[in-house]
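Colleague: Provide a 3D model corresponding to the input given below.
(chains A, B, C and D)
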Number of protein chains: 2
Amino acid sequence: MTGSVPPLFPPSDAQYGPADLTLTPAGEPPTLRADAARNRTRLLEAASQLMSCCGATDLTMEAVATAAGVGKGTVFRRFGDRTGLLIALLDHREQQLQAAFLSGPPPLGPDAPPVERLHAFGPAVIKHERDHHELILAARTDPVRNYVVPAARLRLTHVTMLLRRANAEGDAELLAHTLLGYLDTALVHHLVVDRGMPLERLEAGWHDLVARLTTGGDTAA
Amino acid sequence: MTGSVPPLFPPSDAQYGPADLTLTPAGEPPTLRADAARNRTRLLEAASQLMSCCGATDLTMEAVATAAGVGKGTVFRRFGDRTGLLIALLDHREQQLQAAFLSGPPPLGPDAPPVERLHAFGPAVIKHERDHHELILAARTDPVRNYVVPAARLRLTHVTMLLRRANAEGDAELLAHTLLGYLDTALVHHLVVDRGMPLERLEAGWHDLVARLTTGGDTAA
DNA sequence: ACTTTAAACGGACCTCGGTCCGGTTGTTCT
DNA sequence: AGAACAACCGGACCGAGGTCCGTTTAAAGT
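Modeller: Alright, predicted model coming up:
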């Protein structure tokens, strides 16, 4: 990967600004130099643009660089590698989903009892994955990297928290991994697309799983 | 990938001979031409050799070809791509595990009640994955491909069968996917290596999961 | 044994991800 | 403002995966 200087995944890319691609990175490295930030935005826009017309698998680093009007080295400096760029792209699209289950309206958001939120979580994630499966799948080169990605960490802590609040018996973190494993994009894609499994069946399976894993009491302690 | 002529993953590579690398492919294309079969063996041996000394990630197709005394094109013709070669290598190493749960002694093999076999299945797979994690992880470039690989299909049908025989309620296939998801190499590796989770905890989680998913009656119907 | 045919072979060739380093440009401190 | 410094930029360069096509060769038919 990068020699060693860039702090393991360049400037982090955890959260940015509010909505559009006008993302002002506010990660670990206090601030990005003006030109660097500008180029970062350009690159993400260019990548997004190219992706929507050519598909994720054909997205070339050099093409992105050219489209953004910068050198290839700049792309790698900013995102580490191709996967890093895709993840950054993805991370941005995830924010909508994250907002939905972190602070959205009831079935998913905090104004519903935890078990209910869990039930709603599955279909929401599946929907999201179906919308972006190409990008998600393309961003999955290194299998272990998925667990390190901020979005994945967030989902894990979220589901773990819901399980705890639901007073589920057992190892909450491992149960959360189990639930998230069921929602794995590759699995869902394989079942639905490759094997033609109807969505209803998949979602029924989810609800069944949630029911099985959340035993030990309702929100009412 | 390959133009189109090779029948989607060249000559299949499902099962071969009994034990050693003296594998005589007996897949779908009736037989391989003599020289092709010979080269196939040579290539697998060379790859295995190189891997044990240089690691899977540094395994170069050209190096394998050279070590086997054939041209690079031959490697690709036979295995489709790098991942195909790694999968073939892996498939071979899996046979020991497969034999264990298909026809081995009791806790795992057919002479034990299904629920007991399921309980034994987890630790066995985890053990296997720990032994070969480098190769397994290296073979995982395309996330969906895992579900198509014969070894994975076999595990799925096996676990599904065990669940059915255990009279587990619910969608056996989906429950099987859930169980196998828990055993995902990348997940196990992440938890144990990256996050230092003790094996005992992981296995306890497995037993708990099996217990939860196999409700509805014992073998005694 | 000879012809025929389809498959296997091999290595030149192309593409693309990733690295490197000399030059450039913000940023900060005095 | 000017200098010093660190970070950024860019594109030449490298290595490895994957493709192509002319040549060779095993297997089947006569």
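
Colleague: Now for the most centrally placed residue in chain A: which residues touch it?
Modeller: Nearest residue to the geometric centre of chain A (C-alpha atoms, centre = their mean): A:A151, 4.2 Å. If you count contacts by C-beta atoms under 8 Å, 6 or more residues apart in numbering or on different chains, A:A151 has them with A:L90, A:D91, A:E94, A:Q98. Placement of C-beta: from N, CA and C, glycine included.

Colleague: Could you list which residues are in contact with the closest residue to A:R165 other than its chain neighbours?
Modeller: With C-beta to C-beta, 6 or more residues apart in numbering or on different chains as the criterion, A:R165 has its nearest non-adjacent residue at 4.1 Å, and that residue is A:P114. Taking C-beta under 8 Å, 6+ apart, we find A:P114 in contact with A:L162, A:L163, A:R165, A:A166, A:T219.

Colleague: and of those, the nearest to DNA strand D?
Modeller: Each of these was checked against DNA strand D using C-beta to the nearest atom of the strand; the closest is A:L162, at 37.7 Å.

Colleague: Make sure that closest one is actually in contact with A:E116.
Modeller: No - if you go by C-beta atoms under 8 Å, A:L162 and A:E116 don't touch, sitting 9.6 Å apart.

Colleague: Run the chain-centre distance for the lowest-mean-pLDDT helix or strand in chain A.
Modeller: Every helix and strand of chain A was ranked by mean pLDDT, DSSP states H and E. The lowest is helix A:34-54, at a mean of 91. Remark: helix A:34-54 is offset 19 Å from the chain centroid, using C-alpha atoms, centre = their mean, to the nearest Å.

Colleague: tell me what it is packed against?
Modeller: In this structure, helix A:34-54 packs against helix A:61-68, helix A:72-79, helix A:82-103, with contacts taken as 3 or more C-beta pairs under 8 Å, 6 or more residues apart in numbering or on different chains; DSSP states H and E.

Colleague: is it true that A:F79 touches A:L89?
Modeller: No - judged on C-beta under 8 Å, A:F79 makes no contact with A:L89 at a distance of 9.3 Å.

Colleague: picking up where we left off before, so which of A:L162 and A:E116 has more stuff around it?
Modeller: More crowded of A:L162 and A:E116, by other C-beta atoms under 10 Å in any protein chain shown: A:L162, with 23 against 18.

Colleague: List just the nearest of the contacts of A:P114 to A:P143.
Modeller: Each of those was checked against A:P143 using C-beta to C-beta; the closest is A:L163, at 24.5 Å.

Colleague: contacting residues around the closest one?
Modeller: Per C-beta under 8 Å, 6+ apart, neighbours of A:L163: A:P114, A:L118, A:A172, A:L175, A:A176, A:L213, A:T214.

Colleague: filter these to the buried ones?
Modeller: Among these, those classed as buried by 16 or more other C-beta atoms under 10 Å in any protein chain shown are A:P114, A:L118, A:A172, A:L175, A:A176, A:L213, A:T214.

Colleague: The fourth one contacts A:T215, correct?
Modeller: No - with contact defined as C-beta under 8 Å, A:L175 does not count as touching A:T215 (10.4 Å).
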